[in-house]
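> quick one, structure for this:
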Amino acid sequence: MKSRKILTICCLFVMSLLLVIACNNQNQPSPTSQLNDKPIVIGYSTWAGWWPWAIAEEEGLFAANKVNVQLKWFDGYLESLQALAAGQLDGNCQTLNDTIAFAGDAVNGEVVVLVNDNSAGNDKIIVSEEINTIEDLKGKKVAVEEGVVDDFLLALALEKQGMSREDVEIVNLETGQAVLAFVTEKVDAVGAFAPFWLTALERPGSKELISSKDFPGAIADLLVLSQKLIDEQPEQVQAIVKTWFDIREFMEKNPERADEIMAKRANITVKDLKKFEEGVKFFTLEDNLKAFTPGNNMEHMPYAAEKIADFLLKFGFLTKIPDLNQIFDARFVKVLAAKQS
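So this is what the prediction gives:
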């Protein structure tokens with residue numbers, strides 16, 4: 001009896017020891033368990049300020065920040081906007097203009113957490129040979145993708161000269177088709193972003209009339225995430241925001257490798273990539289902090305959002321302005337800035 005009791009005690013001790021070891025092993029993260037199991041899916045498309053995301057994928061920067069992100073490339077920008085609004089993506093790279101246009105109907109909400117860049121010349125109004133001033137556009141056919149950034153750029157340029165959108169004949173076409181219509185001389189002018197304006201300038205005698213460089217802050221290019229993701233995984237959102245600035249550091253330290261990755265993703269040559277560099281103003285953390293604050297010009301997103309919303313409402317692209325206070329969340333750039341100060 002005594003030996004059986006001792007044996008029982010020993011067995012219980014061994015079982016308890018094994019249980020403790022098993023529990024401890026479960027609490028010890030494996031190299032992959034630190035990452036979120038289900039990937040966070042972020043869309044991006046052909047814009048020079050968003051091509052750098054490909055660097056994070058190629059160089060393992062997401063994994064270095066312990067966040068599992070799957071980048072989804074869209075050949076058509078509009079498709080990425082629709083996918084985020086429908087809840088098919090966790091985030092998307094898009095402009096402030098388009099965020100306002102889609103936010104009201106987005107099933108999971110849309111929130112700006114990061115400014116990647118401002119267009120500083122990579123959005124252009126290209127015109128035919130005989131057009132030399134904004135006033136010369138009166139009565140002319142201008143091909144633009146209605147309601148999106150280059151339409152807004154056109155409206156700002158016309159407004160500056162005391163004109164309005166009604167003074168020109170708008171031809172509503174997807175940007176690639178708009179450029180084709182211009183090159184084949186079916187329209188007199190076109191609004192296009194990089195890299196499409198390269199093709200527009202192939203029309204003999206064509207030239208740039210205005211660009212986003214003339215309107216600082218008017219076209220902000222952003223990382224927009226769903227409110228659902230922010231509510232459920234704020235620590236992963238923080239890691240994604242940090243990854244962006246790691247990308248920028250990589251670009252500065254490894255320019256040749258960075259250009260190679262971006263050119264490959266954009267399906268252009270490195271030589272052509274260089275043509276777009278001056279037309280993008282990448283934002284630092286300090287630029288981000290300023291952009292999120294209220295102000296009295298387009299360099300402050302809350303102000304720009306009001307101007308854009310008025311434009312979209314005036315021309316029927318919106319029937320109701322969404323709550324603009326709900327589309328900005330500066331906490332993630334603020335946390336990162338505080339850590340680096």
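> so who does the residue nearest to Gly147 when sequence neighbours are not counted touch?
Sequence neighbours aside, Phe317 is the residue nearest to Gly147 in space, at 3.8 Å (criterion: Cβ to Cβ, 6 or more residues apart in numbering). Every C-beta, even on glycine, is put in place using the N, C-alpha and C of the backbone. Contact analysis of Phe317 by Cβ atoms under 8 Å, 6 or more residues apart in numbering lists Ala101, Glu146, Gly147, Phe311.
> where does pLDDT dip in this protein?
Per-residue confidence for the chain (pLDDT under 70) gives these ranges: 1-36.
> what about the strands in it?
Ranges of strands in the chain, per DSSP state E, are 40-45, 69-74, 91-95, 111-119, 123-127, 141-144, 169-172, 189-193, 207-211, 220-225, 280-282.
> against which helices or strands is the first one packed?
Put plainly, it is strand 40-45. If you count contacts as 3 or more Cβ pairs under 8 Å, 6 or more residues apart in numbering; DSSP states H and E, strand 40-45 packs onto strand 69-74, helix 77-85, strand 91-95, helix 234-253.
> deepest-packed of the ones you listed, please.
Stretch with highest mean neighbour count among the helices and strands packed on strand 40-45: strand 91-95 (a mean of 27; mean count of other Cβ atoms under 10 Å).
> and that strand, which strands flank it?
The pairing partners recorded for strand 91-95 under DSSP bridges are strand 40-45 (parallel), strand 220-225 (antiparallel).
> what lies in contact with that strand?
By Cβ under 8 Å, 6+ apart, the list of residues contacting strand 91-95 from outside reads 40-45, 47, 50, 53, 77, 80-81, 83-84, 102, 116, 148-149, 219-226, 229, 240.
> centroid-nearest residue for this protein?
Centrality entry for the chain: nearest residue to the mean C-alpha point is Cys93, 2.4 Å, by Cα atoms, centre = their mean.
> just grab the bridge partners of that residue for me.
Leu223.
> can you pull the contacts of the residue lying closest to Val67 once chain neighbours are set aside?
For Val67, ignoring the flanking residues on the chain, the nearest one in space by Cβ to Cβ, 6+ apart is Ala239 at 3.9 Å. Contacts for Ala239 were tallied using Cβ under 8 Å, 6+ apart; they are Phe62, Asn65, Lys66, Val67.
> tell me if I'm right that Asp37 and Gln236 touch.
No - judged on Cβ atoms under 8 Å, Asp37 makes no contact with Gln236 at a distance of 11.4 Å.
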